[in-house]
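> sequence-free structure coming up:
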């Protein structure tokens, strides 16, 4: 597994830990995050390094999540930002 994939897996684990601390969330934001994380997990599981036509939407969804949590949960927002950066470095 490449260093980028390893870092991304670690960051996703941190995201799950931080989400466990959030007591309530906007259902729409939760759906965006769940969908984006599922797409990322699928990419990781396939260990695919190439972007496909729908990959831009992953970053878009995560950006919306990061903005939503920016003030109320800055740690969570930062973790989501790290995931966006990792995906960018991987070309996803």
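Received the coordinates, thanks. Everything quoted here is computed from the prediction, not taken from an experiment.

> going forward, measure contacts between C-alpha atoms and count neighbours the same way
Noted.

> where exactly do the strands run in the protein?
Counting by DSSP state E, the chain has no strands to list.

> pLDDT below threshold where in it?
1, 24, 47-56 (pLDDT under 70).

> at 80 what do you get?
1-2, 20, 22-26, 43-57, 90-92 (pLDDT under 80).

> quick check: residue 64 vs residue 36, distance?
For residue 64, the distance to residue 36 equals 11 Å [CA to CA, to the nearest Å].

> between these two, point out the one with more neighbours.
Set residue 64 next to residue 36 and count neighbours by other CA atoms under 10 Å: residue 36 wins out with 20 against 16.

> would you mind measuring from the more buried one to residue 60?
From residue 36 to residue 60 the distance is 9 Å (CA to CA).

> cool, and residue 79?
15 Å.

> neighbour-wise, which of those two wins?
Regarding residue 79 and residue 60, a neighbour count based on other CA under 10 Å identifies residue 79 as having more, with 19 against 14.

> that one against residue 10, yeah?
No: taking contacts as CA atoms under 8 Å, residue 79 lies outside contact range of residue 10: 10.4 Å.

> ok, residue 70 touching residue 77?
Yes: using CA under 8 Å, residue 70 is in contact with residue 77, at 5.2 Å.

> which of those two has more residues huddled nearby?
Remark: of residue 70 and residue 77, residue 77 carries more neighbours, 23 against 15, as counted by other CA under 10 Å.

> which ones are touching that one?
65-70 (CA atoms under 8 Å, 6 or more residues apart in numbering).

> one more pass at 7 Å, please.
Contact analysis of residue 77 by CA atoms under 7 Å, 6 or more residues apart in numbering lists 66, 69-70.

> which of these fall in helices?
Residues of those located in helices (DSSP state H): 66, 69.

> residue 20: which of the contacts of residue 77 is nearest?
residue 69 (13.9 Å; CA to CA).

> if I look at residue 27, how far off is residue 65?
11 Å.
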